[in-house]
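> Predicted structure and sequence below. I'll ask about it afterward.
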Amino acid sequence: MILGKIPELFGNEQIGLEAMAKYYEYYYAHRKDEMSYKVGVKSSAGQEDTLFNLLSINSQAVKAYKRINNQNDPILDFRQSFQTAAKAFQVIDSPTRGVVVQYKKKGIEDSEENGEEIVKRPVWHG
């Protein structure tokens, strides 16, 4: 069944609020396993975990605390690892390189060589 072919499901509007809500509901339901955002041993977390866990109950940190402190619960109720999660989070999960390109009269020029990378600085022409 193609839902777009049944206009009554979306208040007879193909791109109305009901259709968009249903789209995101299906989109996130289909990707639910990815939504916890897994981090690995090589990340700043230093362990297999998820950002969702680091920012919620942080079960691995609580478990480590209990192991070190003779099974006593942490005194603080706030157990989130905000800084670790922030360092581990990457909006684009692939190695990328920023590029500056000339636009109209503004461009770039090489200022110095730093190892393999050339440091560029913006300049105005004209």
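Yep, that arrived.

> Mind picking out the helix or strand in this structure with the poorest mean pLDDT?
strand 106-114 (a mean of 51; mean pLDDT, DSSP states H and E).

> how far is the lengthiest helix in the chain from where the chain is centred?
Secondary structure of the chain per DSSP state H: the longest helix is helix 17-30. With C-alpha atoms, centre = their mean, to the nearest Å as the basis, helix 17-30 stands 20 Å off its chain's centre.

> Next secondary structure element downstream of it?
Downstream of helix 17-30, the first helix or strand assigned by DSSP states H and E is strand 38-39.

> who touches the most centrally placed residue in the chain in this structure?
Closest to where the C-alpha atoms of the chain average out (C-alpha atoms, centre = their mean) is Val91, at 4.1 Å. Contacts for Val91 (C-beta atoms under 8 Å, 6 or more residues apart in numbering) come out as none. All C-beta spots, glycine's among them, are computed from the backbone N, C-alpha and C.

> what about it, which helix or strand?
Using DSSP H and E, no helix or strand contains Val91.

> got the phi/psi numbers for it?
phi -60, psi -50 (degrees, to the nearest 10).
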